[in-house]
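>>> Sequence and predicted model, in that order:
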Amino acid sequence: MLNIVVYVLRFCRVLPINFAIMSTDLEQAEEYLIKLVQARHFSENISLLENNEQCSFPIRKLRPFLKDGVLRVGGRLRNSQLDFNQQHPILLPKTDHFVNILIDHYHRRNLHTGPTLVLALLR
């Protein structure tokens, strides 16, 4: 699926046109899809954060913030030695078809591992 998104983004001139798909192209395609999903489900909260206002109650407890247009979770892990993506995971809705496809992709890519490892890989 990400390969198709890479070609669409190249066609729309968002990504440079190369002959081979690079890993950075796949990462940018995944980030683009994540931004689309977040815009669909969290648009009100994203606009509130862009205006330096507080989010709605259920999400406010997670201390969300925007980094490069992606909604991330804040919290006490910011003081740890973990990687930035592990300190501040991306916030995704639980009821979206793309999220289900993403979970299935990591599940299959890692030879049908259990839910604990898939969750760790997604984070």
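Done, it's in.
>>> CA atoms for contacts and neighbours, from now on please.
OK.
>>> So which residues of the chain form helices?
For the chain, the helices defined by DSSP state H occupy 2-11, 23-50, 57-60, 84-87, 97-109, 115-122.
>>> what's in contact with the fifth one?
Helix 97-109 has contacts (Cα atoms under 8 Å, 6 or more residues apart in numbering) with Val37, Leu92, Pro93, Thr113, Gly114, Val118, Leu121, Leu122.
>>> Dead centre of the chain: give me the residue that sits there.
Ile34 (4.2 Å; Cα atoms, centre = their mean).
>>> Grab the nearest non-local neighbour of Leu62.
Val73 (5.7 Å; Cα to Cα, 6 or more residues apart in numbering).
>>> Also Gln54?
Among residues not flanking Gln54 along the chain, Leu48 sits closest, at 6.4 Å (Cα to Cα, 6+ apart).
>>> I figured that neighbour hits Ile59, correct?
No: the pair Leu48 / Ile59 is not scored as a contact, 11.8 Å apart, by Cα atoms under 8 Å.
>>> before we move on, the earlier item: want to try JSON lines for the helices of the chain, with distance to Leu66 as columns?
Below are those laid out as JSON lines (distance: least, Cα to Cα, whole Å):
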{"stretch": "helix 2-11", "distance to Leu66": "23"}
{"stretch": "helix 23-50", "distance to Leu66": "7"}
{"stretch": "helix 57-60", "distance to Leu66": "13"}
{"stretch": "helix 84-87", "distance to Leu66": "13"}
{"stretch": "helix 97-109", "distance to Leu66": "19"}
{"stretch": "helix 115-122", "distance to Leu66": "19"}
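>>> As CSV, the ones you listed with mean pLDDT would be great.
CSV is the format used below for these (pLDDT from 0 to 100):
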stretch, mean pLDDT
helix 2-11, 80
helix 23-50, 93
helix 57-60, 89
helix 84-87, 88
helix 97-109, 86
helix 115-122, 79
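>>> For Ile17, find the nearest of the ones you listed.
Closest to Ile17 of those is helix 2-11 (Cα to Cα; 5.7 Å).
>>> re earlier: let me know the closest of the contacts of helix 97-109 to Pro16.
Closest to Pro16, out of all of the contacts of helix 97-109 and judged by Cα to Cα, is Val37, at 23.2 Å.
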